[in-house]
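Undergrad: Need a 3D model of the following:
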Amino acid sequence: MSTARRGSLNAMAQYTKHPVAAPPTAPERESTGHLLLRGYIILVLIVTFAHAAVYNLVGQLGAGVVLGAFLLATLGIGTPMLARQHPQPFAWRRLPWSAVGYTVLALVSVAWSQWREATVVTWLLLAAITVNALFIAHALTWREIVRALASAFKWILGLSLALELWVSLVLQHALLPNFVDLPAGKIDPQWYWVRDNLFDGGRLQGIVGNANLLGIISLFAIITFGVLYAARVRWRTTLALWTLLAAYFLFRAASATAYVCAAAAVVVLVVALLMRRARTPRSRTRIYAVAIGGSLVLGAAAWLLREPLLGVIGRSSDLTGRSNKIWASVIHRWQQHPLFGNGFSSPWLPSDPAFANWIEDHGITVFHAHNMWLDVLMQLGVLGAILIAIAFLSLLWRSWFFAVDRPRWDLVAHREYSPLTLLPSLFTVVLLVQGLTESTPIMLWGWMLLILLSFKLKTTPLLGVGERERVIERGGRRRRVP
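TA: Below is the predicted model of the structure:
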């Protein structure tokens, strides 16, 4: 072989040493603006889920000012984004219209409200939560929303543990809201923000100041951490430790409602996983039949055995005064205006004469009906209940098939499921079960989850497909994270 030919071959070999591999480059990173946006949304979620802590810290007026400030901040950030169609055009046509209709009806109810001042004040609260929920769904992807929820729950659980430790080890006595000094004599424990029960086996309340609320937040945290762990995110050991802390708070909160919600979530999770393993429509039909039939049997058995079951967890057959004291009074007031209700007010304002000293528990004015359906009936009548039923049933339908249908948008029919798609259905079931004994699903964080999940499922029914990926701006050009 000639020398010239050998040199040509050596040059070719040198040239084609890496024929298809791209040269190594640094990974794309989020812009500072997007990192700040995610941090702000985490703060919004913390304030919303732990609003009771804000109330106990700065009082009723201060809590209202905080929510108003966040509303103005969200409008200040979101309005330019909408004007620039950033990160994408706002999906006006895919709004959760039944929930929006409920919000409009709540505002219109000022015309016939029996408590107009309370209607106006609480509607502003509802509108602020609605705007923030729509903003979060528009600004973040599914993965970012789950990560933001996880961060918010970590802050709430961590601050709850810190506050409980400070009260037990440093203060060494119960803590009243707004850090008010304890009065002389014994007062009802219901007035305490933190009861100093960390080391005596009593119920823990955390920074939210309510054991039932702490239990539900802990359950939400376990679900969120669980789907992230199954998705094999980074720092899984740390995530497991946070899950253990959430489970500890769920146990120490000793909330019967949270326990029932957890059982319902476990049942839904098992059925969803079985549906994912089913290979034929007939298999899915059998799973549906067994799941629905089993649920009806278990529900009937639980109802017939409610007295001994409630006794096991330390509750009375009237659900700690709900049925014979709260629900009876609410039903009586609803019957006065059955179609359109008495006027919106979620929560009930104790300062309003219509609610002050109307229903009291342990000397404290009750601020909701402890049943979201009865609350809606009393406030906005049958029409409001229909709108809420459509909103939740629509969310349940979309979230269920978001969880059990294999992701498919072309001819490929064997893509892997994502654990993250289980979160909306599990959250929805928890809200619906909790709504039987609490009214929080129609206000504050419950309403935020309804709007956020409904809007996101309508705009992005497939995880990561048709979804705006994070836009990173550097200099004069835009690049997208693959």
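
Undergrad: show me where the stretch 51-200 of the chain has helices.
TA: Using DSSP state H, counting those that start in this stretch, the helices found in the stretch 51-200 of the chain span residues 51-83, 97-108, 116-139, 142-165.

Undergrad: So for the longest one, what gets flagged as buried?
TA: Using 16 or more other C-beta atoms under 10 Å as the burial criterion, the residues of helix 51-83 that qualify are 51-57, 63-64, 66-67, 70-71, 74, 77-78, 81. The way it works is simple: take the backbone N, C-alpha and C, and place the C-beta from them, glycine included.

Undergrad: Can you find the helix or strand in the protein with the smallest mean pLDDT?
TA: Least confident helix or strand, the chain: strand 471-474 with a mean of 37, by mean pLDDT, DSSP states H and E.

Undergrad: Could you check how many residues crowd around W358?
TA: Here the count is done by other C-beta atoms under 10 Å, and W358 has 15 residues near it.

Undergrad: Report the contact partners of it.
TA: Counting by C-beta atoms under 8 Å, 6 or more residues apart in numbering, W358 touches 329, 348, 365-366.

Undergrad: could the helices of the stretch 51-200 of the chain go into a markdown table alongside mean pLDDT?
TA: Putting these into a markdown table (pLDDT from 0 to 100) gives the following:
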| stretch | mean pLDDT |
| --- | --- |
| helix 51-83 | 92 |
| helix 97-108 | 96 |
| helix 116-139 | 95 |
| helix 142-165 | 96 |
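
Undergrad: ok, so of the contacts of W358, who is nearest V108?
TA: Each of the contacts of W358 was checked against V108 using C-beta to C-beta; the closest is W348, at 19.4 Å.

Undergrad: between the helices of the stretch 51-200 of the chain, which gets nearest to T459?
TA: Among the helices of the stretch 51-200 of the chain, the nearest to T459 by C-beta to C-beta is helix 116-139 (6.9 Å).

Undergrad: got the CA coordinates for that closest one in CSV?
TA: Coordinates of each C-alpha in helix 116-139 appear next as CSV, following Å, rounded to 0.1, in the frame of the first residue of the first chain:
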residue,chain,number,x,y,z
ARG,A,116,-73.7,40.5,53.1
GLU,A,117,-70.5,41.7,54.8
ALA,A,118,-69.4,38.1,55.4
THR,A,119,-70.2,37.3,51.8
VAL,A,120,-68.0,40.1,50.4
VAL,A,121,-65.1,39.3,52.7
THR,A,122,-65.0,35.6,52.2
TRP,A,123,-65.6,35.9,48.4
LEU,A,124,-62.4,38.0,48.2
LEU,A,125,-60.7,35.1,50.0
LEU,A,126,-62.1,32.7,47.5
ALA,A,127,-61.1,34.8,44.5
ALA,A,128,-57.6,35.2,45.8
ILE,A,129,-57.2,31.5,46.2
THR,A,130,-58.7,30.9,42.7
VAL,A,131,-56.3,33.4,41.1
ASN,A,132,-53.3,31.8,42.8
ALA,A,133,-54.3,28.3,41.8
LEU,A,134,-54.8,29.2,38.1
PHE,A,135,-51.4,31.0,38.2
ILE,A,136,-49.6,28.0,39.5
ALA,A,137,-51.2,25.6,37.0
HIS,A,138,-50.3,28.0,34.2
ALA,A,139,-46.7,28.7,35.2
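
Undergrad: Now do it and helix 142-165, the angle between them.
TA: Here helix 116-139 runs at an angle of 130 degrees relative to helix 142-165 (axes from the mean of the first three to the mean of the last three C-alpha atoms, to 10 degrees).

Undergrad: and the angle for helix 116-139 with helix 51-83?
TA: 60 degrees.

Undergrad: Just give the nearest non-adjacent residue to A264, would you?
TA: Closest residue in space to A264, ignoring its immediate chain neighbours: V433 at 4.7 Å, by C-beta to C-beta, 6 or more residues apart in numbering.

Undergrad: residues contacting the one you found?
TA: 257, 260-261, 264.

Undergrad: which phi and psi does it have?
TA: phi -70, psi -40 (degrees, to the nearest 10).

Undergrad: If you tally nearby residues, what's the number for the spatially closest residue to V404 that is not a sequence neighbour?
TA: Nearest residue to V404 in three dimensions, chain neighbours excluded: M275, at 4.1 Å (C-beta to C-beta, 6+ apart). By the criterion of other C-beta under 10 Å, M275 has 18 neighbours.

Undergrad: what helix or strand is M275 on?
TA: helix 256-277 (DSSP states H and E).

Undergrad: And the strands in the chain, which stretches?
TA: In the chain, the strands defined using DSSP state E lie at 360-361, 364-365, 471-474, 477-480.

Undergrad: Now find how far off-centre the first one is within its chain.
TA: The reference is to strand 360-361. Centroid separation between strand 360-361 and its chain, computed with C-alpha atoms, centre = their mean, to the nearest Å, is 28 Å.

Undergrad: what lines up beside that strand in the sheet?
TA: strand 364-365 (antiparallel) (DSSP bridges).

Undergrad: ok, the closest residue to I388 other than its chain neighbours to M448 distance?
TA: Spatially, and ignoring its direct neighbours in sequence, I388 is nearest to V376 (5.2 Å; C-beta to C-beta, 6+ apart). V376 sits 17 Å away from M448, going by C-beta to C-beta, to the nearest Å.

Undergrad: More neighbours: the two, which one.
TA: More crowded of V376 and M448, by other C-beta under 10 Å: V376, with 28 against 21.
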